[in-house]
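Asker: fold the following, please.
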Amino acid sequence: MKFSEIWEAIVIALDSIKANKLRSFLASLGVVIGISFVIIMGWALAGLDKVLLDTINMIGSDMLYVDKWDWSGGQNWKLLQARKPITLEQANEFIKRVKTAEVAIPIAKRHRTLIKYENLNFEGISVQGSLSEYGLTPAGAILDGRFFSPSEDMYSANVVVFAYNAYYSVFPDGDGIGKTVKINGHKFYVIGVVKKQGTALLDFVDNQVFVPLSSFLGCFGKYRRSLSIGVKAGSPEMLDEVRTETIGIMRGIRGLEPWEELDFSVNETKTFEKSTDMFRLYVWGIGIGMTVLSFIVGIIGITNIMFVSVAERTKEIGIRKAIGAPKRSILFQFIIESAILCLIGSAFSFIGCSVLIYAVATFLPKAFPSISFLSPYIPLKLLYIASFVSIIVGILAGLIPAIRASNLDPVDSLRYE
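Answerer: Numbering: from 1, shown residues only. Model (predicted):
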């Protein structure tokens, strides 16, 4: 087919759409809705991928956490509750035995603790006790000040490092380093603040403080307490080897027989990958279902409009055939018109979705900070996907009317009133 024929078909299609603006808009409405679902679904999944990546970066792709509890929440809560706690002695024994890990550190936590500064009380902040090596993990990356030292671990120094949100809740002006706060009635000297780490999956990590483990146990006691063990493999490639050794050592420490199930969990970033995969499946399922339904409605609407267009232009088709226009030229003309209708619909959809997404991502996080991960811009690849899908839908919608138009008899068409 010559370029002149293609250009002529495009010009005729645009003239027809321009002459029937309202009809063309109503015909492409189903496509607008369908493409909008594609764009919003893709945008939501892009945000989900960013959350997952941020979470992995925060936890560390080479980190394992041995815990009484399973982070995925997939197991029976009563069975987890019945597990024996991981004691300080067990944690220390594990750290002594493990060989493949780069770092292994015990972690104790007290949730929703009261912290006092001058005459003000701050509730709901968690306190985490650990060793100075915790500062080597991604979760202990320092923004200002420093993390506590090995000597402060050894001598139970009452020093505290704040997480980002907890720090600015207690010290709105950001002048907390060097100040003294009270935790559970004990005075602690503020020496640092870690970088903002929280994600939509783990937003609570910014609302805690870190103290030396010995100081923590002095404040809150060591008995009837279950600890976690943070295990840094050193690299993602070492993770499988470290995981295998970790499970073997902990089974021995916990006195489990070979046939007994684990009475502890080994948590890692794969836990969140599984959760996001399930959420992704739901988004895809709902999004694809709504998209297909919208496209079916759009295809039916455009097909009907194209049949009307063929009927209105029967005489024109007869004249073109009488002066030698081939069937392929008539066929291509109506397919092009249908595809352009859908392409215009996708353009309106992209503009509308861009405005909506920008508004949602700009203003909603002010009320709900946990969704600040949403991007105010649509990924460019979604524009290409939307355009491609709309053209395919247009071709499918216009194919039958185009075939009918190309098969019209020129004599009958010229007599058509």
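
Asker: and the strands in the stretch 1-150 of the chain, which stretches?
Answerer: Using DSSP state E, counting those that start in this stretch, the strands of the stretch 1-150 of the chain run over 63-67, 103-117, 120-130, 142-145.

Asker: so the third one versus strand 103-117, what angle?
Answerer: So that's strand 120-130. When axes from the mean of the first three to the mean of the last three C-alpha atoms, to 10 degrees is applied, the directions of strand 120-130 and strand 103-117 differ by 170 degrees.

Asker: returning to what we had before: highest average neighbour count across the strands of the stretch 1-150 of the chain?
Answerer: Neighbour counts (mean count of other C-beta atoms under 10 Å) averaged over each of the strands of the stretch 1-150 of the chain peak at strand 63-67, with a mean of 22. C-beta coordinates here come from the backbone N, C-alpha and C atoms, glycine included.

Asker: listing partners with orientation, what would you give for that strand?
Answerer: strand 228-232 (antiparallel), strand 265-267 (antiparallel) (DSSP bridges).

Asker: can you redo the strands of the stretch 1-150 of the chain as JSON lines with distance to residue 165 and mean pLDDT?
Answerer: Converted to JSON lines, these look like this (distance: least, C-beta to C-beta, whole Å; pLDDT from 0 to 100):
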{"stretch": "strand 63-67", "distance to residue 165": "21", "mean pLDDT": "87"}
{"stretch": "strand 103-117", "distance to residue 165": "13", "mean pLDDT": "88"}
{"stretch": "strand 120-130", "distance to residue 165": "9", "mean pLDDT": "89"}
{"stretch": "strand 142-145", "distance to residue 165": "12", "mean pLDDT": "90"}
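
Asker: by contact count, what packs against the host helix or strand of residue 335?
Answerer: According to DSSP states H and E, residue 335 maps onto helix 327-367. Packing partners of helix 327-367 (3 or more C-beta pairs under 8 Å, 6 or more residues apart in numbering; DSSP states H and E): helix 3-19, helix 21-59, helix 270-312, helix 314-322, helix 380-406.

Asker: what are the ranges of the helices in the stretch 151-300 of the chain?
Answerer: In the stretch 151-300 of the chain, the helices defined using DSSP state H, counting those that start in this stretch lie at 164-170, 213-220, 239-254, 270-312.

Asker: what's the least confident stretch among these?
Answerer: Among the helices of the stretch 151-300 of the chain, helix 270-312 has the lowest mean pLDDT, at a mean of 74.

Asker: quick one: that one to chain centroid distance?
Answerer: Relative to its parent chain, helix 270-312 has a centroid offset of 21 Å by C-alpha atoms, centre = their mean, to the nearest Å.

Asker: that helix packs against which elements?
Answerer: Counting contacts by 3+ C-beta pairs under 8 Å, 6+ apart, helix 270-312 is packed against helix 21-59, helix 327-367, helix 380-406.

Asker: same list (those) but as JSON lines, adding distance to residue 141.
Answerer: Output for those, formatted as JSON lines (distance: least, C-beta to C-beta, whole Å):
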{"stretch": "helix 21-59", "distance to residue 141": "9"}
{"stretch": "helix 327-367", "distance to residue 141": "23"}
{"stretch": "helix 380-406", "distance to residue 141": "31"}
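
Asker: for residue 259, find the nearest of these.
Answerer: helix 21-59 (31.9 Å; C-beta to C-beta).

Asker: before we move on, back to that, deepest-packed of the strands paired with strand 63-67, please.
Answerer: strand 228-232 (a mean of 24).

Asker: show me the contact partners of it.
Answerer: With contact meaning C-beta atoms under 8 Å, 6 or more residues apart in numbering, strand 228-232 is reached by 60, 62-68, 86, 91, 94-95, 98, 101-109, 130, 134, 136-137, 242, 246.

Asker: quick one, that strand and helix 21-59 angle?
Answerer: Using the same axes, to 10 degrees, the inter-axis angle of strand 228-232 relative to helix 21-59 is 100 degrees.

Asker: now do strand 228-232: distance to the chain's middle.
Answerer: The chain centroid and the centroid of strand 228-232 are separated by 26 Å, computed with C-alpha atoms, centre = their mean.

Asker: what of stretch 138-148?
Answerer: 26 Å.

Asker: CA-only coordinates of it in PDB, if you can.
Answerer: The C-alpha trace of stretch 138-148 is given here as PDB (Å, rounded to 0.1, in the frame of the first residue of the first chain):
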ATOM      1  CA  PRO A 138      21.200  -0.800  56.700                       C
ATOM      2  CA  ALA A 139      18.700  -0.200  59.500                       C
ATOM      3  CA  GLY A 140      21.300   1.500  61.600                       C
ATOM      4  CA  ALA A 141      22.600   4.000  59.000                       C
ATOM      5  CA  ILE A 142      23.300   7.300  60.900                       C
ATOM      6  CA  LEU A 143      21.900  10.600  59.700                       C
ATOM      7  CA  ASP A 144      23.500  12.800  62.500                       C
ATOM      8  CA  GLY A 145      25.700  12.100  65.500                       C
ATOM      9  CA  ARG A 146      26.900   8.500  65.900                       C
ATOM     10  CA  PHE A 147      25.800   5.000  66.900                       C
ATOM     11  CA  PHE A 148      26.900   3.600  70.300                       C
END
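
Asker: what's that stretch in contact with?
Answerer: Contacts of stretch 138-148 (C-beta under 8 Å, 6+ apart): 57-60, 63, 132, 134-135, 157, 159, 161, 164, 174, 177, 190-197, 205, 210-212.

Asker: likewise for stretch 171-183?
Answerer: Outside of stretch 171-183, the residues within contact range by C-beta under 8 Å, 6+ apart are 113, 115-117, 127, 144-145, 160, 162, 167-168, 170, 187-193, 209, 211, 219.

Asker: rerun at 6 Å
Answerer: Stretch 171-183 has contacts (C-beta atoms under 6 Å, 6 or more residues apart in numbering) with 115-117, 145, 167, 187-190.

Asker: quick revisit: just send the strands paired with strand 63-67 back as JSON lines, with mean pLDDT too.
Answerer: Formatted as JSON lines, the strands paired with strand 63-67 follow (pLDDT from 0 to 100):
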{"stretch": "strand 228-232", "mean pLDDT": "88"}
{"stretch": "strand 265-267", "mean pLDDT": "84"}
